[in-house]
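Asks: From the sequence below, what's the structure:
(4 chains)
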There are 2 protein chains.
Amino acid sequence: MVISLKDVAARAGVSVKTVSNVVNGYRHVTPATRQRVQQVIDELGYRPNLTARHLRKGRTGIIALALPELGNPYFAELADAVISYAAGLDYIVLLDHTNGRRDQEVLFAQGFRARLIDGLILSPIELENEDLLARGHDAPLVLLGEREYEAPYDHIAIDNVAAARTATRHLIDLGRRRIAFLGARHGRARQTAHLRLRGWREVLAEAGLPHGDALVATTDGYAREDGAQAMARLLDSGASPDAVFCYNDLVAIGAMRALSERGLRVPEHVAVAGFDDIEDGRYCSASLTTIAPHKQAIAQAAVDALIDRLDGDDEAKHAAPRHIRPGFALVRRESTLGKP
Amino acid sequence: MVISLKDVAARAGVSVKTVSNVVNGYRHVTPATRQRVQQVIDELGYRPNLTARHLRKGRTGIIALALPELGNPYFAELADAVISYAAGLDYIVLLDHTNGRRDQEVLFAQGFRARLIDGLILSPIELENEDLLARGHDAPLVLLGEREYEAPYDHIAIDNVAAARTATRHLIDLGRRRIAFLGARHGRARQTAHLRLRGWREVLAEAGLPHGDALVATTDGYAREDGAQAMARLLDSGASPDAVFCYNDLVAIGAMRALSERGLRVPEHVAVAGFDDIEDGRYCSASLTTIAPHKQAIAQAAVDALIDRLDGDDEAKHAAPRHIRPGFALVRRESTLGKP
DNA sequence: GCTGTCTTTTACATCGTTATACAGCATCGG
DNA sequence: CCGATGCTGTATAACGATGTAAAAGACAGC
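Replies: Numbers count the residues shown, from 1 in each chain, chains lettered A, B, ... in the order given. Okay, here's the model as predicted:
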C-alpha cells in the first residue's frame, strides 16, 4: 500500500498540512508535534509523492541535458560532471541523446518534454540559427559546445580558434613542417570543425607553412573509425604529413591506429595532437597530446547559468544572454614529445 | 503564458474533458468537434502538462537506470542501448550513477526517487544480499550485471564463469603457459571478480597449468590506472607471465600501457585478453582480444523484464523472478593473435 | 410520439501535494 | 484584565490532467 500525507495525518491525529510542514522542515511546529508526526512517518514509511509536489509547485527540479551521444567519452565524462554538480544543487539531470541529428535537436529546442523539465542544456551539432529563432517555447535554454549562434541564449564554449592555434603552434615549435588537419567537414561555416580548422590555418599561414586543402582531410563523423579512414586517405594521397592535428581525440586515436598499420611510428614519423582530453588518450601506445577543455568548469557554468534563470531574482532571469568561455590547456604527451 | 486544457476548452466552447478526449485520441468524438478543438490546440500551442498527467495516472513512464559510472565506456555504451530501446517503447530513462558505493546503491534500492520513477534497473557493485532483502519498497527492480543475489528480483547477467573460461582457454590454445589474472578483489565471494577469477582458475587447473596466487594481481578499482599499477606490480614480483586475462577492458588497456613502458611487446612477450568489448579496445596499438557481452541483448532484456512487471497482466507481474543470461562471444584480435 | 439503444458530451471527483487565510491559544506589555 | 502580537495548527482551494457516471442528443423501430 502506498502511504500519503493523509494516512500519516490520520494516524498522527493532525491535519495534512501539519504533516507537510514537518516533512518540509517548516519552522513553526512544536517539537512535540514534530516528533509525533515524524514517528508516524517512520512507522508507515511515508515518502513524498514527487509527482504531486511537482504539479503543485509548477517545478520539477529536473533539467535535461541533451548531448549528441554517450558513446563518445568526452560527452560521457561531461555528462558525469553535469550530473554530479547539479545533484549538489538539488537538481536531477535527465540525460538524452540527439545522435547529432538536426530533427532531434529541433525537437528538444522546441520544448520536447515540456513541463517535465524546468530547463534544458543542449549541445547541438546540426542545429541551425533559424531553428533557435523559431523556438516557441519559454523554458530556459543553455547552449553548450563550440558552435556559434546569434540567438539570445546563454552559451558556454571554450575558444576553439585559440585552442586550435595553441595545438598547431605546439606542432610547429617541435619542428614539424607539413602539418595536416583531420576532421574537417563540408557545409556551413559555423560548425565547430570550421573553427578548429580556422585556427590551424591561421597559425600555419603566419608561419609561412603549407596549409592548402591537400593537407586537410574531411570526415563524415567524429568517431575513431572516421579518423582511421581519413588518415589512410591522407597517406594514400601522397600528402606525406609529418604531423596531424585532429578534430578530436577519437579521430586522433583512429589516426594513430591507421599510422601504426602502415608501420609509421608516432611521433617519430608523424606527430599527433587531438582535442578533448578523454581518458583513453592517456593510455594509447603513445599517450595523446591534446587540448583539454576544463570539463568541470564547463559543466558548472552550464548548470549555474541555467539555474540562475530558474531560481535567480528577476534581474538574473531577464539578464542579457551570457557567453561564457571556460579555459582550456594544452596537454603535452608522447604523441608529440616522444617517450621520455 | 502557459496554456492548459481549461484555456483550450473555453476558447473552443467545449468541456475540458472533450479536449482531453481529443488530445488522447478517444474514439467517440465527432469529426467536427475534433477538428474545432484541434485547431484551437494548434492556435494556442497547447502542450499537455506531463506532471499533472503523471499524478492522475499514478505512473510517469520514467524508469531509472543506476550504473556505477559513465566514465567507464562499457556502462556508457550500455546506457546508450537502454535509453534507445526504452524510447522505442515510450519510456523515458533517468540515468544515475552510484559510483559503485554501497550507500548509494542502497539508496536507490530503497526507493530513492520513489514515484518519480515507475521502476529501476540497477547495476550494483557493492550492494549486499541483505540490502536487497531489507528493501521496503515495491517499485519493480531489475538487477543488471554479474553479481549473484538470492533476493527475489529479475536478474540479467551473462555467464561470467563460462566467459572467463572461454577467454582463458583461448590463451592456453595459443600455447601460453603462465597466464595471470588481473583485477581480483579482496572480500566477499559473490563479487563479479570472483566469478571471473573462478573461471580462470578452473580452466588452468584442468589444464595442469599454474594458477596460484603468484599469478593473481588484485586491484582497488577497475580503471585503466588500476590495470597499469597491477601489471607493474606483477612484473616486479617476478611472476613473468606470458599472458594476462584481465577483469575488464579498461584494466587490460592499463596493463598494455604498463607492458609497453617496460619494453614488452603484445602479444609477442605477453598476450592480453580483456572483458567488455568497449570501442577503445579496437583501436589500441594491439587491438584487444576480449569477451563481448551482447550489450544490445542485455539492454533489451532488462527493459523488457521491467516493463513486463509494469505493464504486463497480473500473471506477468507476479511471475517468479527470472534470471536471464544473454550471450557473449570471444572476439579474437591482435593482443593475442598478433598483427596479420 | 414514445421507447430503447447508441453515440457524444458534460459535470464532478480525484490523484497527493503545497499555499492561503484564518482560527485558537499563549504570552506579553501596559 | 485587555488588546496586541506571535506562534501553531486547521480547513479549503488550488495545480492540470483523467476516470466515472450520467446527461444530452441522434436515430431507429413500433
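Asks: Out of the helices and strands in chain A, which is least certain?
Replies: Counting by mean pLDDT, DSSP states H and E, chain A has its least confident helix or strand at helix A:314-317, which shows a mean of 81.
Asks: just how off-centre is that one within its chain?
Replies: In this view, helix A:314-317 has its centroid 25 Å away from the chain centroid, taken as CA atoms, centre = their mean, to the nearest Å.
Asks: what's the spacing between A:D277 and B:I92?
Replies: 31 Å (CB to CB, to the nearest Å). C-betas here are computed from N, CA, C, even on glycine.
Asks: Of the two, which one has the most company?
Replies: A:D277 (26 against 19; other CB atoms under 10 Å in any protein chain shown).
Asks: In which helix or strand does the more buried one reside?
Replies: A:D277 is part of no helix or strand when elements are defined by DSSP states H and E.
Asks: quick one: it and DNA strand C, what's the gap?
Replies: Going from A:D277 to DNA strand C by CB to the nearest atom of the strand, to the nearest Å gives 42 Å.
Asks: What of A:E279?
Replies: 40 Å.
Asks: Ok, A:K339 next?
Replies: 60 Å.
Asks: Can you verify that residue is assigned to a helix?
Replies: No - checked against DSSP: H, G, I helix; E, B strand; the rest coil, A:K339 lies outside a helix; its state is coil.
Asks: give the contact list for it.
Replies: Taking CB atoms under 8 Å, 6 or more residues apart in numbering or on different chains as the contact definition, A:K339 lies against A:A286.
Asks: Once you drop chain neighbours, what's closest to A:V244?
Replies: Sequence neighbours aside, A:A180 is the residue nearest to A:V244 in space, at 4.5 Å (criterion: CB to CB, 6 or more residues apart in numbering or on different chains).
Asks: for chain A, what spans make up the strands?
Replies: A:62-67, A:92-97, A:119-122, A:141-144, A:154-156, A:179-184, A:216-218, A:243-246, A:271-275, A:289-293, A:323-324, A:328-331 (DSSP state E).
Asks: Just the C-alphas of the second one, formatted as PDB.
Replies: Just to be clear, that refers to strand A:92-97. C-alpha atoms of strand A:92-97 as PDB (Å, rounded to 0.1, in the frame of the first residue of the first chain):
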ATOM      1  CA  ILE A  92      18.100  16.000 -11.200                       C
ATOM      2  CA  VAL A  93      19.500  15.600 -14.700                       C
ATOM      3  CA  LEU A  94      17.600  13.800 -17.400                       C
ATOM      4  CA  LEU A  95      20.100  12.700 -20.000                       C
ATOM      5  CA  ASP A  96      19.100  12.500 -23.600                       C
ATOM      6  CA  HIS A  97      20.900  11.900 -26.800                       C
END
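Asks: Output the contacting helices and strands for that strand.
Replies: With contacts taken as 3 or more CB pairs under 8 Å, 6 or more residues apart in numbering or on different chains; DSSP states H and E, strand A:92-97 sits against strand A:62-67, helix A:73-88, helix B:73-88, strand B:92-97.
Asks: how much distance is there from the third one to the middle of the chain?
Replies: The chain centroid and the centroid of helix B:73-88 are separated by 8 Å under CA atoms, centre = their mean.
Asks: Give me the contacts around that helix.
Replies: A:69-71, A:73, A:76, A:95-97, A:280, B:63, B:65, B:67-70, B:92-93, B:95, B:121, B:123, B:248-250, B:276, B:278-280, B:295-296, B:298-300, B:302-303.
Asks: list the buried ones in it?
Replies: Within helix B:73-88, the residues scored as buried using 16 or more other CB atoms under 10 Å in any protein chain shown are B:73-83, B:85-86.
Asks: repeat for stretch A:132-152
Replies: Buried residues in stretch A:132-152 (16+ other CB under 10 Å): A:132, A:135, A:139-149, A:151.
Asks: Can you pull out the low-pLDDT segments for the stretch 101-250 of chain A?
Replies: The stretch 101-250 of chain A contains residues with pLDDT under 70 at A:136-137, A:187-190.
Asks: how about 90 then?
Replies: A:109-115, A:125-129, A:132-139, A:145-151, A:185-193, A:220-221 (pLDDT under 90).
Asks: Nearest to DNA strand C: which residue in it?
Replies: A:R115 (13.9 Å; CB to the nearest atom of the strand).
Asks: Run a quick neighbour tally on the residue of the stretch 101-250 of chain A found nearest chain B.
Replies: For the stretch 101-250 of chain A and chain B, the shortest gap (CB to the nearest CB) falls at A:L116, measuring 4.2 Å. Using other CB under 10 Å, the number of residues around A:L116 comes to 20.
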